[in-house]
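In: fold the following and give me the result.
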Amino acid sequence: MANSSAPGSYFDAASTEPPHPAARTALLEALDAGWADPARLYGTARSTRMLLDRARARVAGVLGARPDEVSFTTSGTQAVHLAVLGGLQARRRAGNHLVVGAVEHSSVLHAAELHEAGGGDVTTVAVDRAGRVDPAEFAAALRPGTALACLQSANHEVGTLQPVAEVAEACRAAGVPLFVDAAQSLGRVDVPAGWSLLAGSAHKWGGPAGIGVLAVRKGVRWRSPLPADERENRRVPGFENVPAAVAAAAALEAFRADMTAEAPRLSALIDRIRAEVPRTVPDVEVVGDPVRRLPHLVTFSCLYVEGEALLTELDRLGFAVSSGSSCTADTLRPSHVLEAMGVITHGNVRVSLPRGASAAEVDRFLDELPGTVARLRRTTMNTTQTGRRSRP
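Out: Next comes the predicted model:
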């Protein structure tokens, strides 16, 4: 059944999943019941605190964590920044060396840049053509003085699953905590084992925007890089957004339950796109691992077509897809992920199917795409030829 909350053919769930009905219901109820200050002792405040604690426990259940290991942040990006910078801050005596994968989300890479600008040392581990790090190469990057390692659970642009369990074992042997950015995979696939710190973002699983999750395992050293604040176990400053936390928890539980049946169905639709696009459109490269991947996401690159023009044409036809680097605002900037993989960086389209995406709309996309690419290529060729004839 199509997701009625998504306009047209919405194929950009990797950017944000349409709101889950469970989130809406929980949010409206919590707006009435969870508005008081959860840090106070009077009755209304205690009731709000109970709502917050229940939300924390529900998220912890999905993560396989303890409730006191989970904090709510103002976004997935804030959760990432707190995890990386807080992990480094707490282990300054151990060293100032940070290890990151080459295709991490921009929020991780920006935190690494800040660390490097402050005198820290950063090693970037390369990926193969599928976008995956080699566990042995990652392990080789660890050394005495490594304070923290970062590896995403799955790539946000091409869907490739990373070998988190293997890397986590190498980090454990080296005594290095591992931060896992699980924003793109939470709710869709099982949480990989072995993480020390983890971050997620509620709008990726159909929860409200402006709420993220930071998890820090008991016994892992972490110190806030921000001024001291009493909120959220001293991890996240500011007044808690209890209604959003409640909605995020409800959505995560419901979304994870939905994915039991939905993930295989969406994966079959993605397999169809992966097979049909190169068959019907010449000069196309489908990127990312075809098997060890997220169930809902595929990216392909078309030669001789500008990604922005293709995006605009597909939007005109009613398809909401993304193009270019999915984690930067400037779509004209080449994707650092595709560059690191060594694949075509222009004319790329990321299709990420939301819960409830229909097979009929995927078929319509596959019917419209070949003609759309052909028209744009003819336009590009005519423009190029006209430009050549007009030269003196």
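In: distance between stretch 120-140 and the chain's centre?
Out: Distance of stretch 120-140 from the chain centroid (C-alpha atoms, centre = their mean, to the nearest Å) equals 19 Å.
In: buried sites along the lengthiest helix in the chain?
Out: With DSSP state H setting the assignment, residue counts place helix 242-280 as the longest helix in the chain. Of the residues in helix 242-280, those with enough neighbours to count as buried (16 or more other C-beta atoms under 10 Å) are 242-256, 258-259, 262-263, 265-267, 269-270, 273-274, 276-277. Placement of C-beta: from N, CA and C, glycine included.
In: and if you look at stretch 92-112?
Out: By neighbour count, and taking 16+ other C-beta under 10 Å as the criterion, the buried residues in stretch 92-112 are 94-112.
In: kindly report the same for stretch 37-55.
Out: Applying a neighbour-count criterion of 16+ other C-beta under 10 Å, the buried positions in stretch 37-55 are 38, 48-49, 51-52, 55.
In: next step: those restricted to helices.
Out: Residues from the buried residues of stretch 37-55 lying in helices, with DSSP H as the criterion: 48-49, 51-52, 55.
In: now those residues as TSV including distance to residue 21 and pLDDT?
Out: Conversion of those to TSV gives the following (distance: C-beta to C-beta, whole Å; pLDDT from 0 to 100):
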residue	distance to residue 21	pLDDT
48	23	97
49	26	97
51	19	98
52	22	98
55	17	98
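In: which one among these gets closest to residue 10?
Out: Checking these against residue 10 by C-beta to C-beta gives residue 55 as the nearest, at 26.9 Å.
In: nearest to residue 313 among the buried residues of stretch 37-55?
Out: Among the buried residues of stretch 37-55, residue 55 lies closest to residue 313 (C-beta to C-beta), at 42.1 Å.
In: quick one: that closest one and residue 252 touch, right?
Out: No. Using C-beta atoms under 8 Å, residue 55 is not in contact with residue 252; the gap is 9.5 Å.
In: how far is the longest helix of the chain from where the chain is centred?
Out: In terms of C-alpha atoms, centre = their mean, the gap separating the centre of helix 242-280 from the centre of its chain is 13 Å.
In: so what are the sheet partners of whichever helix or strand comes after that helix and their directions?
Out: Counting by DSSP states H and E, the element after helix 242-280 in chain order, helix or strand, is strand 284-287. Based on DSSP bridges, the pairing partners of strand 284-287 within the sheet are strand 297-302 (antiparallel).
In: now the strand it pairs with: mean pLDDT?
Out: Strand 297-302 shows an average pLDDT of 95 in the prediction.
In: that strand: what's the following helix or strand?
Out: helix 307-316.
In: can you point out the buried residues in that next one?
Out: 307, 309-311, 313-314.
In: what does stretch 73-91 give?
Out: 73-91.
In: distance from stretch 312-319 to the middle of the chain?
Out: On C-alpha atoms, centre = their mean, the centre of stretch 312-319 falls 24 Å from the chain's centre.
In: residues in contact with that stretch?
Out: Applying C-beta atoms under 8 Å, 6 or more residues apart in numbering, the contact partners of stretch 312-319 are 8-9, 11, 321, 349, 365, 368-369, 372, 375-376.
In: quick one: which of those residues is nearest residue 59?
Out: For those, the residue nearest residue 59 by C-beta to C-beta is residue 11; the value is 27.3 Å.
In: tell me if I'm right that that closest one and residue 323 touch.
Out: No. Counting by C-beta under 8 Å, residue 11 sits too far from residue 323 to count as a contact (11.5 Å).
In: just the ones of the buried residues of stretch 73-91 in helices?
Out: Residues from these lying in helices, with DSSP H as the criterion: 76-90.
In: flag the shaky bits of this structure, pLDDT-wise.
Out: Of all residues in the chain, those with pLDDT under 70 make up the ranges 1-8, 324-333, 382-392.
In: before we move on, back to that, dump the buried residues of stretch 37-55 to a markdown table, plus distance to residue 301.
Out: Output for the buried residues of stretch 37-55, formatted as a markdown table (distance: C-beta to C-beta, whole Å):
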| residue | distance to residue 301 |
| --- | --- |
| 38 | 48 |
| 48 | 49 |
| 49 | 50 |
| 51 | 46 |
| 52 | 44 |
| 55 | 40 |
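In: which ones are touching residue 207?
Out: In this structure, residue 207 makes contact with 19-20, 23, 244, 247-252, judged by C-beta under 8 Å, 6+ apart.
In: surely residue 165 touches residue 190?
Out: No. Residue 165 lies out of contact with residue 190 (C-beta under 8 Å); the separation is 10.6 Å.
In: columns distance to residue 117 on top of the contacts of residue 207, output as a markdown table?
Out: Supplementary listing: the contacts of residue 207 in a markdown table, determined by distance: C-beta to C-beta, whole Å:
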| residue | distance to residue 117 |
| --- | --- |
| 19 | 38 |
| 20 | 39 |
| 23 | 38 |
| 244 | 32 |
| 247 | 37 |
| 248 | 33 |
| 249 | 36 |
| 250 | 40 |
| 251 | 37 |
| 252 | 35 |
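In: nearest to residue 357 among those?
Out: Sorting the contacts of residue 207 by distance to residue 357 puts residue 20 at the head of the list, at 14.1 Å, by C-beta to C-beta.
In: for the closest one, give its distance to residue 144.
Out: Residue 20 is 46 Å from residue 144, where distance means C-beta to C-beta, to the nearest Å.
In: looking at those two, which one has more neighbours?
Out: In terms of neighbours (other C-beta atoms under 10 Å), residue 20 is the more surrounded of residue 20 and residue 144; the figures are 28 against 9.
In: ok, the more buried one to residue 184 distance?
Out: Remark: distance between residue 20 and residue 184 (C-beta to C-beta) = 17 Å.
In: same question for residue 274.
Out: When distances are taken as C-beta to C-beta, residue 274 and residue 184 turn out to be 18 Å apart.
In: also residue 212?
Out: Using C-beta to C-beta, residue 212 is found at 13 Å from residue 184.
In: which residues in the chain form strands?
Out: If you assign secondary structure with DSSP state E, the strands in the chain sit at 9-10, 70-73, 97-101, 121-125, 146-150, 178-181, 197-201, 212-216, 284-287, 297-302, 319-320, 348-352.
In: strand partners of the fifth one, parallel vs antiparallel please.
Out: With DSSP bridges as the criterion, the sheet partners recorded for strand 146-150 are strand 97-101 (parallel), strand 178-181 (parallel).
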